[in-house]
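> Predicted model and sequence follow; I will ask about them next.
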Amino acid sequence: NAGVTQTPKFQVLKTGQSMTLQCAQDMNHNSMYWYRQDPGMGLRLIYYSASEGTTDKGEVPNGYNVSRLNKREFSLRLESAAPSQTSVYFCASSASGNTEAFFGQGTRLTVV
Amino acid sequence: GIQVEQSPPDLILQEGANSTLRCNFSDSVNNLQWFHQNPWGQLINLFYIPSGTKQNGRLSATTVATERYSLLYISSSQTTDSGVYFCAARGGEAGNMLTFGGGTRLMVKP
């Protein structure tokens, strides 16, 4: 039982490049989330998926797209990376909207 | 959406001391969690506590939902308790968003 697994753990991109961050959970959770954490700050919600087939914007969605591929997997795509997207990205999941959320180990992304 | 504020922002303790971290939130909540982010950046679940009191070893937490605050107590602190403690709440109109506070950065000195 791995919980929430994110890949890759580290990534360096050049400005303008694209990439997809992958997230998978094995807890049969309905809801999944993507957050970003900038240095010295708390986490801010980018996008979430309340259930398979649905996605909604969070607090800071600009510059990102998401796909809820199936119940297990929720990916985050940067179409044209910018230095302002340098951050640590966390994926999380929960059984439903008001139950305990569990986080992956994070992806440290640097855009140069 | 719901606002979450944590205090104090920074805390330095001598090993063995006790401490209380506070989390205030602006609306009614259906989820409140405390996390510990260790020096490697990993988020560790401490408590899921939308109301009431829970204890786990040297740590305990209390949420008074009607007064919109939660407290995390750390007793007999150890150097391994160092890191950042986050409170996160879900509620109000943005019911699906788990909103994080700014965190309390704790350093425990030997």
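Everything's here; your move.
> And residue B:46, which helix or strand is it part of?
Residue B:46 is part of strand B:43-48, with elements assigned from DSSP states H and E.
> Just give me the neighbour total for residue A:27.
Counted by other C-beta atoms under 10 Å in any protein chain shown, the residues lying close to residue A:27 total 13. The way it works is simple: take the backbone N, C-alpha and C, and place the C-beta from them, glycine included.
> Could you verify my assumption that it touches residue A:2?
No. In this structure residue A:27 lies outside contact range of residue A:2 using C-beta atoms under 8 Å: 9.3 Å.
> Can you say which helix or strand has the residue nearest to the spatial centre of chain A in it?
Nearest residue to the geometric centre of chain A (C-alpha atoms, centre = their mean): residue A:34, 3.0 Å. Assigned by DSSP H and E, residue A:34 falls within strand A:31-37.
> Name every sheet partner of that strand and say whether each one runs parallel or antiparallel.
Strand pairing for strand A:31-37, determined by DSSP bridges: strand A:43-49 (antiparallel), strand A:87-94 (antiparallel).
> starting at the chain centroid, how far to the shortest one?
To tie it back to what came earlier, the one meant is strand A:43-49. Distance of strand A:43-49 from its chain centroid, counting by C-alpha atoms, centre = their mean, to the nearest Å, is 7 Å.
> what do you get for the longest one?
Using C-alpha atoms, centre = their mean, the mean C-alpha position of strand A:87-94 is found 5 Å from that of the whole chain.
> Repeat that for stretch B:45-65.
Remark: stretch B:45-65 is offset 9 Å from the chain centroid, using C-alpha atoms, centre = their mean.
> Against chain A - does that stretch have any residue that ends up touching it?
Yes. Stretch B:45-65 comes into contact with chain A (C-beta under 8 Å from any C-beta of the partner chain), by way of B:45, B:48, B:50.
> Which neighbouring elements make contact with the strand holding residue B:46?
In terms of contacts (3 or more C-beta pairs under 8 Å, 6 or more residues apart in numbering or on different chains; DSSP states H and E), strand B:43-48 is packed against strand A:101-103, strand B:29-37, strand B:52-56, strand B:59-64.
> ok, residues contacting the first one?
Okay, so that is strand A:101-103. Outside strand A:101-103, the residues within contact range by C-beta atoms under 8 Å, 6 or more residues apart in numbering or on different chains are A:3-4, A:25, A:27, A:29, A:31, A:33, A:90-94, B:31, B:33, B:35, B:43, B:45, B:88, B:98.
> That strand pairs with which strands?
Strand A:101-103 has these strand partners (DSSP bridges): strand A:87-94 (antiparallel).
> Okay, residue B:15 and chain A: tell me how far apart.
Distance, residue B:15 to chain A, using C-beta to the nearest C-beta, to the nearest Å: 25 Å.
> isn't that residue right up against residue B:109?
Yes. When contacts are counted by C-beta under 8 Å, residue B:15 is listed as touching residue B:109 (6.5 Å).
> who touches both of those two?
Jointly contacting residue B:15 and residue B:109 under the rule C-beta under 8 Å, 6+ apart are residue B:79.
> Near chain A, which residues of chain B are found?
Taking C-beta under 8 Å from any C-beta as the measure of proximity, chain B contacts chain A at B:1, B:4, B:30-31, B:33, B:35, B:41-43, B:45, B:48, B:50, B:86, B:88, B:90, B:95-103.
> which stretches of chain A form strands?
Ranges of strands within chain A are A:4-7, A:10-13, A:19-25, A:31-37, A:43-49, A:56-57, A:64-68, A:74-78, A:87-94, A:101-103, A:107-111, based on DSSP state E.
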